[in-house]
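Student: Sharing a sequence plus its predicted fold:
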Amino acid sequence: MKNKNILMILLLSTFLMGCTNKDSELIQNENVQSTENATDIDKDSSTSVEDSSISDKDEEAEVSEDNEQPYEQLVESLGIEKYQYPDGFEVDKNLEKLLENMAISYKQYSSDDDIPVEEEKHFIHNFCQNSWFCYDYIFDSLSTSKGIINKQQIEYIQYSFSGQYREFQSIDDNYVVDINKCSSGFNYAELTSYELISEDEEIVLKAYFDISGNSSEEADITLIKNEYSCFDGYSVKSFSVIDDVAKGCSRASFVVDLYNDGNRVKRV
């Protein structure tokens with residue numbers, strides 16, 4: 001009887017151990033499956049984040065292209081490089097020619113003012129074809145394109161001049177100008193000296209000009225930096241003649257020669 005009881009105890013112990021081992025294996029299998037599922041979820045999540053990141057970058061690139069300013073497209077298409085500024089401000093030769101031309105072209109000027117369509121060709125004649133006040137960008141075109149400049153180049157010169165991009169409405173995309181056909185007027189100006197009033201974000205000058213016709217001008221000028229400007233990295237924000245003095249003989253009866261469809265006209 002005693003032996004039977006011992007045998008029953010042994011059989012029962014073996015059965016219980018078997019059940020325990022199966023339960024343990026089942027739990028382990030469930031843990032492994034749970035870990036694999038979690039890994040798959042992490043992979044899916046990681047892939048989703050990567051896809052989202054790529055999508056965001058593509059969207060940012062599209063937005064960047066859409067937000068590109070017209071002047072940026074213009075200078076990029078023309079291959080214009082940024083101007084390297086020297087230490088300290090000075091009126092260099094290209095800016096000097098621009099200011100001298102303005103001295104006989106304007107009494108008051110603001111870059112905020114639009115150019116009327118009817119005056120766009122006046123700008124071309126006065127600032128693109130005027131051999132009295134020629135600057136490097138125009139000189140360079142003689143060797144690069146035999147002196148022929150197109151609509152984009154004209155708009156770039158205007159952007160350099162004012163710091164404001166404006167598309168010319170009076171000329172089409174096929175319009176070209178031959179700068180060999182000069183449109184110089186009779187008046188001439190020479191920058192004799194200038195005072196640097198301020199050299200902060202804006203450059204403020206008081207400039208003095210000798211004008212042909214034995215007269216002189218004093219002008220207040222405000223410049224802004226424009227690293228793409230062909231006028232030595234500056235554009236003119238404002239130009240205001242504050243004193244116009246004759247030196248013994250009358251000044252010519254017009255400020256600047258303008259051209260209207262090839263005919264010379266006078267502006268008093």
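Tutor: Structure's in. What do you need? Numbers count the residues shown, from 1 in each chain.

Student: residue boundaries of the strands in this protein?
Tutor: Along the chain, counting by DSSP state E, strands occupy 108-110, 148-150, 176-178, 189-199, 202-211, 215-225, 234-246, 256-260, 263-267.

Student: which of these has the lowest average pLDDT?
Tutor: Mean pLDDT is lowest for strand 263-267 among the strands of the chain, at a mean of 34.

Student: quick revisit: let's have the strands of the chain in TSV, adding mean neighbour count and distance to residue 116.
Tutor: Placement of C-beta: from N, CA and C, glycine included. Written out in TSV, the entries for these read as follows (neighbours: other CB atoms under 10 Å; distance: least, CB to CB, whole Å):
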stretch	mean neighbour count	distance to residue 116
strand 108-110	14	14
strand 148-150	18	22
strand 176-178	15	19
strand 189-199	14	24
strand 202-211	18	26
strand 215-225	19	23
strand 234-246	17	18
strand 256-260	18	12
strand 263-267	11	13
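
Student: Tell me which of these sits nearest to residue 69.
Tutor: The closest approach between residue 69 and any of those, judged by CB to CB, belongs to strand 234-246 at 14.7 Å.

Student: could you give the angle of that closest one to strand 215-225?
Tutor: 170 degrees (axes from the mean of the first three to the mean of the last three CA atoms, to 10 degrees).

Student: Please identify the pairing partners of strand 234-246 and their relative orientation?
Tutor: strand 108-110 (antiparallel), strand 215-225 (antiparallel) (DSSP bridges).

Student: any idea of the angle the longest one forms with strand 189-199?
Tutor: Comparing the axes of strand 215-225 and strand 189-199 via the same axes, to 10 degrees yields an angle of 40 degrees.

Student: picking that back up, I'd like the strands of the chain as JSON lines, with distance to residue 85 appended.
Tutor: Output for the strands of the chain, formatted as JSON lines (distance: least, CB to CB, whole Å):
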{"stretch": "strand 108-110", "distance to residue 85": "24"}
{"stretch": "strand 148-150", "distance to residue 85": "26"}
{"stretch": "strand 176-178", "distance to residue 85": "30"}
{"stretch": "strand 189-199", "distance to residue 85": "12"}
{"stretch": "strand 202-211", "distance to residue 85": "11"}
{"stretch": "strand 215-225", "distance to residue 85": "7"}
{"stretch": "strand 234-246", "distance to residue 85": "9"}
{"stretch": "strand 256-260", "distance to residue 85": "30"}
{"stretch": "strand 263-267", "distance to residue 85": "35"}
